[in-house]
Structure formats: C-alpha cells, structure tokens
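Novice: Just a sequence and a predicted model for now, questions to come.
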Amino acid sequence: MIKIRWHGHACFEISNGKIIVIDPHDGVSIGIAPPKVKADIILISHDHFDHNQARIVSKQGSKIVDSGEIDGIKIESFITYHDKEKGAKRGENKIHKIEYNGIKLCHLGDLGHILDEELLAKIGEIDILFIPVGGVFTIDANEAWEICNKIETKVIVPMHYKIEGLSLPIDDLSKFLEKVNWEIRHVANEIELEKDDLPTGKEVWIFSL
C-alpha cells in the first residue's frame, strides 16, 4: 500500500512509512499553501523556485536523492529539458521513476518537450504518471495528451496547471480534459492504494487541495 497526496502545483507526497516529497514549493511565492509534511526523501526535478524548496519539507536526516535504492524504494532519474531547445532557454529537467511497494510511479517534472521513443523505452511500463499540462513553461495540453497516448501507464495524474490562488500564468485543466476519452476519477486530496487497486485500462485521476 502507498498513500499519494497532492500539495499543489507539481508537489506530491508518496508514503508508506518512509515519506517521499517531489518538487516542493514554498507556497507563498506562487500564491497557494505550502506543503505541510516532512520528508525522508526529497526529489527535485530542476532548480527553479517553484520546485526546489527542499528547506520547506526537510527534517533531520532528510536526503535529496536523484537515483538509487533506499529502504527498498527504487529511484531512477532521466535527464530531459525544460524547453524545446535542449535546455537553451530554461535548462535541464529530471524525470524521476520510483518503485515503492511494487507500484511504479513516474514524475515528469517541468518537462518542456515530447519524449522520444528511446527515452520512452528506458522509462518502460509504469503504473502512475504525473504529467504537467498547463503549458507556457512546460508541455501544454496537446503535448501532454500525445505523451499519455505513447507511454505505458494505468493512471494519469495531471499537474502544473492553474488552480485558485496560483499566481503563475499557465492554463487550467480544462484544455487537457477536453481531450480525454478515458475514465476520469476525482480522488480528493489524497488516496491510499494497493497494486491490485490499479485499473486495467488508462484512467485520469484528478487531485484537489
């Protein structure tokens, strides 16, 4: 079993004893509440202020990790780019793949381009995909939709889109959802699940704050 909780923007908490926090923000800089959690493992996709605030979720013994295995949790990272010019505009972006209690999760960070077939093959089959859809600084709804159709996953979790209070000039979720022809589930702010709870076909899970 794992628990997944959304802290807004691209920040997610994944836990079952050990707590992983991905792309922590400080809240105040982007107009929403900060994450209220202390992490054992912190993953940061890139060094921008709305994704790299490790201090907000750190405690004694917290580790910022790129890849490796910690207490049976396997973490792998893949270098991509925050733009379509191989990082010339916004730099590199790290995709993180996590295997926790037999569930494979993949967080795309602030991905700024379509994934090629070689990288899709390296990532392989996953269970849960966290994908930005808001455009402007990342892939937009059309590009996210293209990736969702290419990648082998059971659950798609949209992130990095406009919500109430968010001060960043990005699109809301509607443009992405207009394209979706899979089942859409609203899972509130957090969900606990076992591997057996995963759907057999693709679903879109929408979290709320």
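Specialist: Yep, it's here.
Novice: Give me the packing partners of the lengthiest helix in the chain, helices and strands only.
Specialist: If you go by DSSP state H, the chain has its longest helix at helix 141-150. Counting contacts by 3 or more CB pairs under 8 Å, 6 or more residues apart in numbering; DSSP states H and E, helix 141-150 is packed against strand 128-132, helix 174-177. In this view, the C-beta of every residue, glycine as well, is placed from N, C-alpha and C.
Novice: That one - what's its average pLDDT?
Specialist: The pLDDT scores in helix 141-150 average 97.
Novice: ok, the residue of the chain positioned farthest from its centre to residue 40 distance?
Specialist: Here the chain reaches farthest from its C-alpha mean at residue 60, the gap being 24.6 Å by CA atoms, centre = their mean. Plainly put, residue 60 is 11 Å away from residue 40 if you go by CB to CB, to the nearest Å.
Novice: Residue 104 now?
Specialist: 19 Å.
Novice: Buried residues, the longest helix of the chain. List them.
Specialist: Buried residues in helix 141-150, counted by 16 or more other CB atoms under 10 Å: 141, 143-145, 147-148.
Novice: again, but for stretch 83-103
Specialist: Buried, per 16+ other CB under 10 Å, within stretch 83-103: 83, 87, 90, 92-100, 103.
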